[in-house]
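Asks: I would like to see how this sequence folds:
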Amino acid sequence: CKGPGVCRSGRKDMALRCAASLAAGRQPRCPRLPRPAREGTVRWSSAAKASAVKINEKASREKILTLESMNPQVKAVEYAVRGPIVLKAGEIEKELRKGIKKPFTEVIKANIGDAHAMGQRPITFLRQVVALCTYPNLLDSPSFPEDAKNRARRILQGCGGNSLGSYSASQGINCIREDVASYIERRDGGVPADPDNIYLTTGASDGIATILKILVSGGGKSRTGVMIPIPQYPLYSAAISELDAIQVNYYLDEENCWALDVNELRRSLNEAKAYCNPKVLCIINPGNPTGLLQ
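Replies: Have a look, this model is predicted:
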């Protein structure tokens, strides 16, 4: 409202009502009129609105995640353990199961140490404890030995609500960390091990990836260099690529049972300093990845 006598409706009677309302201390109620279009705005027809909706729908249907838009570090990951040779082996296995004739009857997978897949029997005690923890009613069954039951009870007592389905502490279940600390102390000849300094992971791969995430930083020549042995286990090169770190190779001495050579380490370290910041040294020999026979 622009005040008495200047009603936006253009009606004199409304202007008088407006003046009376203001004199009485009340807010005048003016009739709702269509707002004039602002300068530069466009009045859309129904057809134009429908067309705009179709355009928006088309845009919303476009894929957000594509090979071009995904994280380039993930695309750079190469994991030979699950690479093209393994995929081809899987295809051949399917063909053998279908009865397709080959000059062989089975595929032997030598890419990983998958002992159970090759027929190794699992440790009975571990399977019994897992079964008892996941289904505690079996604790009353005479089919399970007492040592397995006692171990399962101890683990369940360390879980919230005595249930394996509860959330644990970020470091892992406390009683298991205590057992790990006791083992390390015995292994190291009595050197104390603190359970609070032990973190449980869902396997070695998860542990390695977590440690590398903590250590990797920087860009350009300050990017973190990770020194790994060649031959190496492909997990390391894959994790390094994913984290956008720099792989720094050092070579094991094949003629000396794949031993680690200090002079080779120095060579690799000094050369790497020219293009990155080498601050991680991975030592996984003897035994992994090449195995060791003497």
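Asks: show me where this protein has strands.
Replies: Remark: strands assigned in the chain by DSSP state E are 224-230, 246-251, 277-281.
Asks: now do the first one, average pLDDT.
Replies: Averaged across strand 224-230, pLDDT comes to 94.
Asks: now that strand against strand 277-281, angle please.
Replies: 50 degrees (axes from the mean of the first three to the mean of the last three Cα atoms, to 10 degrees).
Asks: strand 224-230 pairs with which strands, and in what direction?
Replies: strand 246-251 (parallel), strand 277-281 (parallel) (DSSP bridges).
Asks: okay, buried residues for it please.
Replies: 224-229 (16 or more other Cβ atoms under 10 Å). Backbone N, C-alpha and C define where each C-beta goes, glycine included.
Asks: switch these over to TSV; also include distance to residue 278.
Replies: Formatted as TSV, those follow (distance: Cβ to Cβ, whole Å):
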residue	distance to residue 278
224	8
225	3
226	8
227	6
228	11
229	14
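Asks: what sits against residue 62?
Replies: Contact analysis of residue 62 by Cβ atoms under 8 Å, 6 or more residues apart in numbering lists nothing.
Asks: next up, phi/psi of it, please.
Replies: phi -70, psi 140 (degrees, to the nearest 10).
Asks: of the strands paired with strand 224-230, flag the one that's most buried.
Replies: strand 246-251 (a mean of 18; mean count of other Cβ atoms under 10 Å).
Asks: tell me the mean pLDDT for it?
Replies: 95.
Asks: contacts for it, please.
Replies: 223-230, 232, 236-237, 240-241, 264-265, 267-269, 272, 275-276, 278.
Asks: for residue 75, find the nearest of the strands paired with strand 224-230.
Replies: Closest of the strands paired with strand 224-230 to residue 75 is strand 246-251, at 16.0 Å (criterion: Cβ to Cβ).
Asks: residues in contact with the closest residue to residue 147 other than its chain neighbours?
Replies: Of all residues not flanking residue 147 in the chain, residue 125 sits nearest, at 7.3 Å (Cβ to Cβ, 6 or more residues apart in numbering). By Cβ under 8 Å, 6+ apart, the contact set of residue 125 is 147-148, 151.
Asks: JSON lines for these, including neighbour count, distance to residue 219 and pLDDT?
Replies: What follows is these, written out as JSON lines (neighbours: other Cβ atoms under 10 Å; distance: Cβ to Cβ, whole Å; pLDDT from 0 to 100):
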{"residue": "147", "neighbour count": "11", "distance to residue 219": "54", "pLDDT": "97"}
{"residue": "148", "neighbour count": "21", "distance to residue 219": "52", "pLDDT": "98"}
{"residue": "151", "neighbour count": "19", "distance to residue 219": "49", "pLDDT": "96"}
